[in-house]
Structure formats: structure tokens, C-alpha cells
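Asks: Show me how the following folds:
(one chain, ligands or ions: 1)
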Amino acid sequence: MHVTYRRTTEADIEAEHAVFVAAEGELLERHGFAWADPPSADRLAPGRRHVLRTDGERCFVAEADDGTVVGYSGAFVRDATWFLSSLFVHPAAPGMGVGRRLFELAFDGAPARRITITDSIQPVSNALYANHGLLPITPILSFAGEVEIDRPDDLRSAGLDGRALEALDLAGYGFDRAVDHPYWQSVADGTLWRRDGAPVAYSYAWPSGRIGPIVGRDGTSAAAALRAELARGGHHVVEVPGTSRRVVEMALSSGLRLGARPGSSC
Ligand SMILES: CC(C)(COP(=O)(O)OP(=O)(O)OC[C@H]1O[C@@H](n2cnc3c(N)ncnc32)[C@H](O)[C@@H]1OP(=O)(O)O)[C@@H](O)C(=O)NCCC(=O)NCCS
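Replies: Reported below is the predicted structural model:
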């Protein structure tokens with residue numbers, strides 16, 4: 001198969017979704033994990049469109065001779081941090097160097113700090129990223145469930161405020177996410193959490209029950225924000241880096257269950 005590469009356009013999003021479902025589905029099924037309900041194109045499109053708009057020069061597709069999209073990649077840069085947000089190659093084109101080329105196109109000119117989240121059951125991507133300096137050192141734990149828990153009595157909810165979000169992003173991520181907040185606010189409900197009047201955390205709650213991102217001034221504040229979100233009730237899904245000790249402890253003590261799906265690492 002002869003493959004060429006070009007920048008992604010919004011017209012490619014549907015074809016990218018087909019590649020994503022085929023690639024991720026094959027990986028999960030090969031490891032015995034059923035994937036009965038893959039996300040629809042409509043559910044994935046807003047996130048992909050957002051990255052295309054902010055970082056279109058880091059988004060690429062691989063095309064076969066007949067114009068079929070057989071793979072795609074995407075990354076974004078915030079301050080001096082590069083994050084690989086997607087890399088998928090159709091199972092019909094495996095092991096031909098398509099994934100490596102797509103990765104390198106998105107990686108070109110990346111600033112010094114380079115990170116991603118990858119499936120721990122996927123040796124190919126873990127090896128590819130590690131060979132470019134992105135070592136899989138932090139587990140991501142997936143929790144899910146419906147719990148009964150009281151709101152923390154020291155947090156008050158407040159409207160989102162740009163300056164408070166910026167300070168929290170610098171404390172939590174180490175980089176500014178001002179361009180991402182409008183996107184999150186278009187798909188999820190955001191809350192700023194104050195303690196004694198001071199902003200100490202923010203969180204987003206999605207209609208699907210997913211909670212995230214949660215960002216705190218410190219681990220205790222992030223854990224309290226998770227508790228406040230869980231106290232709203234309903235079924236929740238949340239992914240937590242294993243190094244966020246207080247948040248992991250909160251997830252477990254609240255009664256959330258570790259998910260059955262394969263874990264990720266970053
Ligand atoms: C992961 C994926 C993108 C790789 O794409 P691909 O086109 O098959 O990969 P490539 O042919 O470019 O090979 C990637 C590199 O990994 C290397 N590799 C493969 N398996 C390896 C292993 N077990 N250990 C070490 N290196 C390995 C290959 O040799 C190649 O390196 P090279 O180019 O220096 O020889 C593709 O398999 C895919 O989409 N999988 C399903 C979805 C997925 O897991 N996406 C990643 C999400 S994090």
C-alpha cells in the first residue's frame with residue numbers, strides 16, 4: 001500500500017472516527033475486552049475540532065492511493081508543553097511505518113516537555129513514544145460507579161473566573177489552558193471551588209457522567225473537588241493519575257470502583 005501524508009481538515013473528522021473505531025476496537029478485542037458501544041462520531045468530533053482549531057499544524061492524516069484515510073495523528077502545545085492527543089492507524093495498514101511517520105509529523109518542532117496518555121496494553125505505541133523520550137512512568141487509574149457521599153463542608157461552588165482558572169492551571173498542569181476552557185464549557189458544566197473565599201480547585205462534569213479535568217491548588221483541594229462532584233449523585237467515571245495520591249484515596253474511600261477496562265499510563 002502506498003501512503004501519503006497531509007494536514008487534517010475538518011472534512012476528515014468522520015473518516016478519522018472510522019479509523020479510531022477500527023484501530024481501538026481491534027486492540028481491545030485482541031485482548032479479550034468487548035467494545036460493544038464505541039463512541040459515535042458526534043461524540044468525538046467536538047474534541048478533534050477543538051485541537052484542529054488551536055493546533056491544526058500538528059494534525060495529520062495518512063491516505064492510501066484511493067484517498068481512504070488509513071491513519072491520523074494530532075498534538076497540541078500549551079506554553080512549553082507538547083501533548084500527543086491522538087495516534088491511530090487502521091488495522092488494515094499495520095507495521096508499515098505509518099504510525100511512526102504520523103507521530104513524527106505531529107512531533108516536529110515540539111517544545112522540551114513532551115507528554116501523552118497511552119493504553120498500557122499497547123506495546124507498539126509505548127515503544128514508539130519511549131523511543132522519542134516519552135516514557136510510560138505514571139499509571140492512570142479509571143474509576144467508575146454511583147456513590148453516596150456528603151459534600152465537603154469547607155468548599156463553596158462559584159462561577160468560573162478566568163484569572164482563578166489560570167492560577168490553578170499553572171499550579172496543577174504547570175501551563176496555561178485558557179484556550180481549552182471555552183471548549184470544556186461547551187461540552188461540560190464547570191465549577192470553581194472556593195475555600196474561605198479563595199479559589200482552590202475547579203472541575204468539569206460531563207452529561208455522560210464523566211468528571212474531568214479536576215485541577216487543584218494542591219492534592220487535598222483536588223480531592224475535595226472530586227468529592228463535591230460525586231456528592232451531586234448519579235453514575236460517574238473519572239480517570240486519575242496514580243501520583244495524585246489524595247485524589248486516588250478519595251476515589252477509593254468514596255466507594256468508586258476501579259474500572260475493568262485496561263488502564264492507561266502517561
Ligand atoms: C499504535 C499504532 C498507532 C502503531 O501504528 P503502526 O503503523 O502499526 O506502527 P509502525 O509500523 O509505525 O511501528 C511503530 C514502531 O514500533 C516498533 N515496535 C512495534 N512493536 C514493538 C515492540 N513490541 N517493542 C518495541 N518496538 C516495537 C516498530 O518496530 C516501529 O519502530 P521502527 O519504525 O523504528 O521500526 C497502531 O498500531 C494503532 O493504531 N493501534 C491501535 C490504536 C492504538 O493503540 N493507538 C495508540 C493509542 S496510545
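Asks: can you map out the strands along the stretch 51-200 of the chain?
Replies: Counting by DSSP state E, counting those that start in this stretch, one finds strands in the stretch 51-200 of the chain at the ranges 60-64, 69-78, 81-89, 113-116, 118-119, 139-146, 156-158, 189-195, 198-205.
Asks: For the chain, which residues score under the pLDDT cut-off?
Replies: Where the chain drops to pLDDT under 70, the residues are 260-266.
Asks: Might you name the residue of it sitting closest to the ligand?
Replies: residue 99 (2.2 Å; CB to the nearest ligand atom). For glycine as for every other residue, the C-beta is placed from the backbone atoms N, C-alpha and C.
Asks: okay, now that residue: neighbour count?
Replies: When neighbours are counted by other CB atoms under 10 Å, residue 99 registers 21.
Asks: Verify the stated contact: it with residue 87.
Replies: Yes - Residue 99 is within contact range of residue 87, at 6.2 Å (criterion: CB atoms under 8 Å).
Asks: joint contacts of the two?
Replies: Listed as contacting both residue 99 and residue 87 by CB atoms under 8 Å, 6 or more residues apart in numbering are 71, 125.
Asks: which ones are touching the residue of the chain closest to the ligand?
Replies: Taking CB under 8 Å, 6+ apart, we find residue 99 in contact with 71, 87, 89, 124-125, 128.
Asks: if we go to 10 Å?
Replies: Applying CB atoms under 10 Å, 6 or more residues apart in numbering to residue 99 gives the contacts 23, 62, 71, 73, 87-89, 93, 124-125, 128.
Asks: Switch the strands of the stretch 51-200 of the chain over to CSV; also include distance to the ligand.
Replies: CSV is the format used below for these (distance: least, CB to the nearest ligand atom, whole Å):
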stretch, distance to the ligand
strand 60-64, 8
strand 69-78, 7
strand 81-89, 4
strand 113-116, 7
strand 118-119, 4
strand 139-146, 12
strand 156-158, 35
strand 189-195, 27
strand 198-205, 23
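Asks: and the ones you listed as TSV, adding mean neighbour count?
Replies: Shown next, in TSV, are the strands of the stretch 51-200 of the chain (neighbours: other CB atoms under 10 Å):
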stretch	mean neighbour count
strand 60-64	22
strand 69-78	23
strand 81-89	22
strand 113-116	16
strand 118-119	20
strand 139-146	18
strand 156-158	14
strand 189-195	18
strand 198-205	21
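Asks: Let me know which of those is the nearest to residue 234.
Replies: Residue 234 lies closest, by CB to CB, to one member of the strands of the stretch 51-200 of the chain: strand 139-146, at 6.5 Å.
Asks: Just the CA trace of the helix or strand containing residue 250, in CSV.
Replies: Using DSSP states H and E, residue 250 sits within helix 245-254. Only the C-alpha atoms of helix 245-254 are listed here, as CSV (Å, rounded to 0.1, in the frame of the first residue of the first chain):
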residue,chain,number,x,y,z
ARG,A,245,-2.4,10.3,46.0
ARG,A,246,-5.1,12.3,47.7
VAL,A,247,-7.5,12.0,44.7
VAL,A,248,-6.9,8.3,44.4
GLU,A,249,-7.6,7.9,48.1
MET,A,250,-10.8,10.0,47.8
ALA,A,251,-12.0,7.9,44.8
LEU,A,252,-11.5,4.7,46.7
SER,A,253,-12.9,5.9,50.0
SER,A,254,-16.0,7.3,48.3
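Asks: Pull the residues that contact the following helix or strand past it.
Replies: Once helix 245-254 ends, the next helix or strand along the chain (criterion: DSSP H and E) is strand 257-258. With contact meaning CB under 10 Å, 6+ apart, strand 257-258 is reached by 141-147, 248, 251-252.
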